[in-house]
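> Coordinates for the following, if possible.
(2 chains)
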There are 2 protein chains.
Amino acid sequence: MPPVPSAAEGAEAVDVTALLERGRTLATPVLKAVVDRLAPPMDTVAAYHFGWIDAAGNPADGDGGKAVRPALAVLSAQAAGAAAEAGVPGAVAVELVHNFSLLHDDLMDGDEQRRHRDTVWKVHGPAQAILVGDALFALANEVLLELGTAEAGRAARRLTTATRALIDGQAQDISYEHRERVSVEECLEMEGNKTGALLACASSIGAVLGGADDTTADALERYGYHLGLAFQAVDDLLGIWGDPEATGKQTWSDLRQRKKSLPVVAALAAKGAAAEQLAELLAADAKTDVDERTPSAGDLDTFSEAEFAARAALIEEAGGREWTAQEARRQYDIALEALDSVPMPAAVRAQFTALADFVVVRKR
Amino acid sequence: MPPVPSAAEGAEAVDVTALLERGRTLATPVLKAVVDRLAPPMDTVAAYHFGWIDAAGNPADGDGGKAVRPALAVLSAQAAGAAAEAGVPGAVAVELVHNFSLLHDDLMDGDEQRRHRDTVWKVHGPAQAILVGDALFALANEVLLELGTAEAGRAARRLTTATRALIDGQAQDISYEHRERVSVEECLEMEGNKTGALLACASSIGAVLGGADDTTADALERYGYHLGLAFQAVDDLLGIWGDPEATGKQTWSDLRQRKKSLPVVAALAAKGAAAEQLAELLAADAKTDVDERTPSAGDLDTFSEAEFAARAALIEEAGGREWTAQEARRQYDIALEALDSVPMPAAVRAQFTALADFVVVRKR
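Numbering: from 1, shown residues only, chains lettered A, B, ... in the order given. Now for the predicted structure:
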């Protein structure tokens, strides 16, 4: 992990857990009420996806994720001088779009598990995964546009731009699966689309709803976009070297899924013996495994821990680990720089900074 | 078919072919330009879906459908006293939502053919059908919201409402497949969601973009909603008794797909020997066939023409055909009544009426 000093005064004093909890507390009741508008059985399927009920329909207290997006959305309203509450419809809309994309991506990718539970298409079938995803996307627009204000229209437009980027990112992800080589630039572009764009929207949507001008909103978007890239770089590190007990994933998780993540593409782009040896191994893996692959599992199940460890060691030797750690730090710096141009209360700036610190030093 | 006299003076003098052609001419170039914003391969997949290219990527001049929606959208702008052109972004947005729903519904329903061509999931795979559907939905919002006006925000809100109804209708359609009995009311509600809501939006969105108030927009929506129900009733008649040469579908098409369309549910709701005999036959069909059904074909392939003809005769004897024809006429009357409350130029009113006449007397 990269060492991360807090860049804004007071950031180290921010209680990030409380900040995340505030976003969750403000957004979740509204999110539940909005999802409850769905006709049966879509309401139940969506409630299962969000972890509010289990597959049998009983109340559950599922892992709703870290809730960074709602925290950013309500914070961004305060950056514009509005109350945190003004950002709530934005927080809800962003969560709806995020979960729309999870529902569809899990089906497209054949992923059977998410947040330690069976995915919706696995439990309720592909048709419900498509339909409820569509419904969440529509609800996201509804919850903004029903505000009926000019600000809401601008927020909806920015959310649409972010959604288009999400879709572009998924299209790139799918196409890269069929390619032997992906450049570092292509990987960063995909991760910017898949992770950066929606964090950018989360970081600015509350401000837009709170009346911020385009210059302010654009700067907050830049903060969120690069924060997303930092987040994803850390995620890519955890996907290979993360502690399974902390991440809840298997060891070498991304290697098992043959993900062309940043450490891998950076290692392959390097010169030297380790990079060449890695390239040969991965090319051989692809050949060996191509007939065994099913749409629902890209795992290299027959490989031993030692074989994955060898690949991880080569990635590290070729410099992929170090490069990615530096990239996380570089993106973090750009994110904080973007904040500098936005006038906002010192306490709000400290909170934005603390969230960035949290994202980059997290262990899971 | 129900006899349909033209209710507005001058409607019989309207050249409906020219009216449909105008909508197509105004909307198609913009639609193509908007779809062209999609990143590869989504642009190609979308172009295939719209019939602009064939599966090999060569230019094609596909059957883009009757283009009733774009014609209504540009006409509705004129109802508000604006130029037809003011309705074009609305026409494009409605077409994008319509085609988003076709892409997803074809996949959910396992339909392999549309407009005499293989469906997108069949040619490009399920992932592309999901992804490009999502992209068209996002583009629909984009094309409205990028106008940046208050009117565009209101139009986007109405389009979102219509999209939610479309999704509700598809959810109902899926759930009815698993049920033995569907009431006439449930069938009408589903058809209102699947067909009425988007025609309602098409009939009012140009007016909203042209500055119409909510009362006018609501009345135009009512016209479109009931026009949609009339359209669907006629479609349901054609689905059983339509001439295969005109419709391009198989004989007894809806019976083969065991669709619980209006003539069927109306016949089953009737009293008498024919209704009872029909109910027994359909229940037996469901039992016989349940193990043979695949997600991609609900056809009762082993049945002879005579067996379908016998079912169609029972539906007619039980009154399902006559009831549906009357229902088409009833919905047509409500549609035209809704127009009465909207002040508009006589020529525009005559064109709305002529489009309603066209929809109800069409043979395909």
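
> distance from the centroid: which residue in chain A tops it?
What lies farthest from the middle of chain A is A:Ala273; by C-alpha atoms, centre = their mean that is 33.6 Å.

> Give the buried residues for the lowest-mean-pLDDT helix or strand in chain A.
Least confident helix or strand, chain A: helix A:244-247 with a mean of 82, by mean pLDDT, DSSP states H and E. Buried residues in helix A:244-247, counted by 16 or more other C-beta atoms under 10 Å in any protein chain shown: A:Thr247. C-beta here means a position set from N, CA and C on the backbone, and glycine is covered the same way.

> Show me what that helix is packed up against.
If contacts are counted by 3 or more C-beta pairs under 8 Å, 6 or more residues apart in numbering or on different chains; DSSP states H and E, helix A:244-247 sits against no helix or strand.

> Helices of the stretch 1-150 of chain A, start to end?
A:16-35, A:42-49, A:68-79, A:88-109, A:120-124, A:126-145, A:150-177 (DSSP state H, counting those that start in this stretch).

> Now tell me what touches the shortest one from outside.
Put plainly, it is helix A:120-124. A:41, A:45, A:48-49, A:55, A:103, A:106-107, A:112, A:128-129, A:132 (C-beta atoms under 8 Å, 6 or more residues apart in numbering or on different chains).

> Of those residues, which is the most crowded?
Of all the contacts of helix A:120-124, A:Val132 has the most neighbours under the rule other C-beta atoms under 10 Å in any protein chain shown, reaching 30 neighbours.

> can you tell me if stretch A:212-219 touches chain B.
No - under the criterion of C-beta under 8 Å from any C-beta of the partner chain, chain B is not reached by stretch A:212-219; the shortest gap measures 11.0 Å.

> can you pull the buried residues of that stretch?
Buried, per 16+ other C-beta under 10 Å, within stretch A:212-219: A:212, A:216-219.

> Enumerate the residues of the stretch 101-250 of chain A near chain B.
So the stretch 101-250 of chain A meets chain B at A:104, A:107-108, A:126-127, A:130-131, A:133-135, A:137-139, A:141-142, A:145-146, A:148, A:150, A:152-154, A:156-157, A:160-161, A:163-164, A:167-168, A:170-172, A:174-175 (C-beta under 8 Å from any C-beta).

> One more pass at 6 Å, please.
A:104, A:108, A:127, A:130-131, A:134-135, A:138, A:141-142, A:145, A:153, A:156-157, A:160, A:163-164, A:167-168, A:171, A:174 (C-beta under 6 Å from any C-beta of the partner chain).

> before we move on, back to that, just the helices of the stretch 1-150 of chain A: most buried one?
helix A:68-79 (a mean of 28; mean count of other C-beta atoms under 10 Å in any protein chain shown).

> which other helices and strands contact that one?
helix A:16-35, helix A:88-109, helix A:197-209, helix A:346-361 (3 or more C-beta pairs under 6 Å, 6 or more residues apart in numbering or on different chains; DSSP states H and E).

> Following the chain onward from the least confident helix or strand of chain A, which element is next?
helix A:253-256 (DSSP states H and E).

> now whichever helix or strand comes after that next one: how far from the chain's centre is it?
Counting by DSSP H and E, the next helix or strand C-terminal to helix A:253-256 is helix A:262-269. Relative to its chain's centre, helix A:262-269 lies at 20 Å (C-alpha atoms, centre = their mean, to the nearest Å).

> Give me the average confidence score over helix A:262-269.
Here helix A:262-269 scores 97 as its mean pLDDT.

> related to what we said a few turns ago, would you turn the helices and strands packed on helix A:68-79 into TSV with mean pLDDT and distance to B:Leu255?
Supplementary listing: those in TSV, determined by pLDDT from 0 to 100; distance: least, C-beta to C-beta, whole Å:
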stretch	mean pLDDT	distance to B:Leu255
helix A:16-35	97	38
helix A:88-109	97	32
helix A:197-209	98	46
helix A:346-361	94	58
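
> In JSON lines: those, plus distance to B:Gly87.
Listed next are the helices and strands packed on helix A:68-79 as JSON lines, based on distance: least, C-beta to C-beta, whole Å:
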{"stretch": "helix A:16-35", "distance to B:Gly87": "30"}
{"stretch": "helix A:88-109", "distance to B:Gly87": "27"}
{"stretch": "helix A:197-209", "distance to B:Gly87": "28"}
{"stretch": "helix A:346-361", "distance to B:Gly87": "43"}
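
> Which of the ones you listed sits closest to B:Arg24?
Closest of those to B:Arg24 is helix A:88-109, at 31.0 Å (criterion: C-beta to C-beta).

> chain center to that closest one, what's the gap?
Computed by C-alpha atoms, centre = their mean, the chain-centroid distance of helix A:88-109 equals 10 Å.

> again with stretch A:119-126
On the basis of C-alpha atoms, centre = their mean, stretch A:119-126 sits 21 Å off its chain's mean C-alpha point.

> Please apply the same query to stretch A:271-291.
Counting by C-alpha atoms, centre = their mean, stretch A:271-291 comes out at 28 Å from the chain centroid.

> Likewise for stretch A:250-265?
16 Å.

> Which parts of it count as buried, going by neighbours?
Neighbour-count burial for stretch A:250-265, counted by 16+ other C-beta under 10 Å, picks out A:251-265.

> what mean pLDDT does stretch A:321-340 have?
Here the average pLDDT along stretch A:321-340 is 97.

> Regarding the nearest residue in space to A:Lys260 that is not next to it in sequence, what is its secondary structure?
Among residues not flanking A:Lys260 along the chain, A:Val182 sits closest, at 4.7 Å (C-beta to C-beta, 6 or more residues apart in numbering or on different chains). Three-state assignment for A:Val182 (DSSP: H, G, I helix; E, B strand; the rest coil): coil.
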